[in-house]
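*Asks:* fold the following for me, if possible:
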Amino acid sequence: MVGLTALVQSELRLDPFSGMLFIFRARRADRIKLLVWDGTGLVLVTKRLQDGKFRWPRPGDGVMKLSAAQASALIEGLDWSRVHVPRVPKPLHAQ
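*Replies:* Okay, here's the model as predicted:
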């Protein structure tokens with residue numbers, strides 16, 4: 001866990017204690033690790049697929065932002081790229 005926390009800080013230049021969910025994939029692509037600060041401590045979850053591999057995003061700069069629905073699909077081993085986030089128009093100013 002210390003290694004992943006250091007990776008988030010040094011390589012991604014992000015705060016591992018922000019509450020943001022960080023997802024890391026193993027080289028074999030059948031395992032992922034999730035790291036998140038829940039307000040009281042760091043939580044580390046490991047998941048291994050019995051069959052298949054995790055569909056992994058192709059990051060442009062090493063960091064990829066996913067919606068909650070996309071992250072959930074990725075964690076379930078589904079094709080996260082098929083989950084589309086509806087665009088919500090900005091509200092007009094109230095009068």
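*Asks:* quick one, what contacts the spatially most central residue of the chain?
*Replies:* Against the mean C-alpha coordinate of the chain, by Cα atoms, centre = their mean, the closest residue is residue 23 at 4.0 Å. Each residue near residue 23 by Cβ atoms under 8 Å, 6 or more residues apart in numbering is listed here: 32, 33, 34, 35, 71, 74, 75. C-betas here are computed from N, CA, C, even on glycine.
*Asks:* if you rank those residues by neighbours, which is first?
*Replies:* residue 74 (22 neighbours; other Cβ atoms under 10 Å).
*Asks:* what distance do you get for residue 3 to residue 25?
*Replies:* Per Cβ to Cβ, to the nearest Å, residue 3 is found 15 Å from residue 25.
*Asks:* more crowded one of the two?
*Replies:* residue 25 (16 against 7).
*Asks:* any low-confidence regions in the protein?
*Replies:* 59-61, 94-95 (pLDDT under 70).
*Asks:* where do the strands sit along it?
*Replies:* With DSSP state E, the ranges of strands along the chain come out as 22-25, 31-37, 42-48.
*Asks:* what about the helices in the protein?
*Replies:* Shown for the chain, the helices assigned by DSSP state H span residues 2-10, 68-75.
*Asks:* ok, how many other residues are close to the closest residue to residue 71 other than its chain neighbours?
*Replies:* Once flanking residues are discounted, residue 71 sits nearest to residue 21: 6.4 Å by Cβ to Cβ, 6 or more residues apart in numbering. For residue 21, the count of nearby residues is 15 (other Cβ under 10 Å).
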